[in-house]
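1. Build me a model from this:
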Amino acid sequence: MSVLQANSIVMKKLLVFTVVMFGFGFGLVPFYEKICEVTGINNLLQADTIAENTQVDTGRWVTVQLDSNTRGLPWEFKPLQSNVRIHPGELVQVVYEVRNNSDREITGQAIPSYAPQLLGKHLKKLECFCFSKQVLKPNEVRQMPVQFLIEPGLPTDYDTVTISYTFFELGGD
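-> Have a look, this model is predicted:
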């Protein structure tokens with residue numbers, strides 16, 4: 001086999017590999033969206049979702065406990081109130097405060113979690129610091145709002161739910 005034939009075979013294999021990887025990359029998007037839909041994570045509120053909610057269930061109350069954690073960060077992170085009492089369907093804003101206690105700039109990302117887990121299907125966030133990474137300068141303090149509503153479709157036997165955020169440090173870009 002000549003060098004030209006060997007190079008031709010390698011080139012064909014690389015071309016096939018490139019096409020397969022390109023297709024795999026496109027296939028991951030709907031797969032990721034389905035995983036997020038099933039687990040209730042990363043549910044960004046879309047404009048059509050806002051239009052669906054026209055009713056506030058004033059006949060019942062839900063207590064939302066607010067929790068905060070950090071993992072491997074020299075940050076203080078806390079909600080300014082530990083809980084809020086709301087009507088399902090009511091738009092609410094709560095504020096979290098974060099402080100970088102180090103002498104270096106740090107980038108972090110907050111990951112939400114919910115209890116009970118089914119809350120993720122009924123919680124719609126309009127604004128959240130968890131949508132993007134947060135860069136804090138040394139000793140910087142920042143207040144960050146979260147605007148959300150809990151859909152009236154939340155089963156009536158749940159009168160207390162928990163929204164928790166955990167900040168993790170992000171490495172280099």
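2. sec struct for Leu126, please.
-> Here Leu126 takes the strand state, with states given by DSSP: H, G, I helix; E, B strand; the rest coil.
3. Quick check, it in contact with Pro145.
-> No: applying C-beta atoms under 8 Å as the test, Leu126 and Pro145 come out as separate, 9.8 Å apart. No exception for glycine: its C-beta is placed from N, CA and C like everyone else's.
4. how about the helices in this structure?
-> Assigned by DSSP state H, the helices in the chain fall at 3-39, 47-52, 119-122.
5. Flag the shaky bits of this structure, pLDDT-wise.
-> Residue ranges of the chain with pLDDT under 70: 37-54, 172-173.
6. Kindly state the domain boundaries assigned to it.
-> 1-39, 47-169 (automatic domain parsing).
7. With mean neighbour count as extra columns, can I get those domains in TSV?
-> Output for these, formatted as TSV (neighbours: other C-beta atoms under 10 Å):
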stretch	mean neighbour count
domain 1-39	10
domain 47-169	15
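8. OK, contacts around the closest residue in space to Leu170 that isn't next to it in sequence?
-> In space, and not counting its chain neighbours, Leu170 is closest to Thr107: 4.5 Å by C-beta to C-beta, 6 or more residues apart in numbering. Contact analysis of Thr107 by C-beta atoms under 8 Å, 6 or more residues apart in numbering lists 133-136, 169-170.
9. Please report how far Lys121 lies from Phe17.
-> Separation of Lys121 from Phe17 (C-beta to C-beta, to the nearest Å): 39 Å.
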